[in-house]
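# kindly return the folded structure for what I paste below:
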Amino acid sequence: QVHLVESGGGLVQAGGSLSLSCAASGRSFSSYTMGWFRQVPGKEREFVAFISRSGASTYYADSVKGRFTISGDNAKNTVYLQMNSLKPEDTAVYYCAASLYPQSEPQRYNYWGQGTQVTVSS
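Got it, this is the predicted structure:
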């Protein structure tokens with residue numbers, strides 16, 4: 001069992017930056033690929049980025065590539081999402097999740113956090 005808790009969401013103006021954190025407890029998250037997803041009301045959950053269990057590989061959705069950076073700290077059991085050059089369309093609830101395999105399909109992730117709201121004003 002893995003328990004995930006996100007933090008760091010908030011309100012920011014377009015062009016600004018936010019950093020999200022996801023703290024894991026339970027089984028070490030170094031056993032899992034860690035992903036970030038986002039969701040707005042009425043839409044499906046959308047893949048944002050993942051980082052492999054070793055940290056050697058990362059993968060991003062085209063919509064955030066070059067603006068967002070995912071990283072992890074195994075010693076702290078924490079994964080981060082640095083979000084720069086934010087746009088109003090980045091507004092969503094952001095979730096972190098854990099999967100045994102590197103993948104972008106949300107239905108293949110086993111554990112989820114409760115989510116943190118990110119709002120980007122124009």
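# can you show me the strands along this protein?
Taking DSSP state E to define them, one finds strands in the chain at 2-7, 10-13, 18-26, 33-39, 46-51, 58-60, 68-73, 78-83, 92-99, 111-112, 116-121.
# residues contacting the second one, please?
The contact list for strand 10-13 (C-beta atoms under 8 Å, 6 or more residues apart in numbering) reads 18, 86, 117-121. Heads up, the C-betas are built off the backbone N, CA and C, glycines and all.
# could you pick out the buried ones from those?
18, 86, 118, 120 (16 or more other C-beta atoms under 10 Å).
# redo those residues as TSV? Include pLDDT and distance to residue 1.
Converted to TSV, the buried ones among the contacts of strand 10-13 look like this (pLDDT from 0 to 100; distance: C-beta to C-beta, whole Å):
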residue	pLDDT	distance to residue 1
18	98	29
86	98	33
118	98	27
120	98	34
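# nearest to residue 94, of these?
residue 118 (5.4 Å; C-beta to C-beta).
# correct me if wrong: that closest one contacts residue 20.
Yes - contact criterion C-beta atoms under 8 Å: residue 118 and residue 20 qualify, at 7.5 Å.
# joint contacts of these two?
9, 83, 94.
# which of the residues you listed lies closest to residue 24?
Lowest distance from residue 24 to the shared contacts of residue 118 and residue 20 (C-beta to C-beta) belongs to residue 94, with 15.5 Å.
# beta partners for the nearest residue to the closest one once chain neighbours are set aside?
Nearest non-adjacent residue to residue 94, counting by C-beta to C-beta, 6 or more residues apart in numbering: residue 38, 4.9 Å away. Going by DSSP bridges, residue 38 is paired in beta bridges with residue 46, residue 94.
# quick one: contacts for residue 38?
By C-beta under 8 Å, 6+ apart, residue 38 lies in contact with 45-46, 48, 90, 92-95, 118.
# what's the spacing between it and residue 107?
According to C-beta to C-beta, to the nearest Å, residue 38 stands 16 Å off from residue 107.
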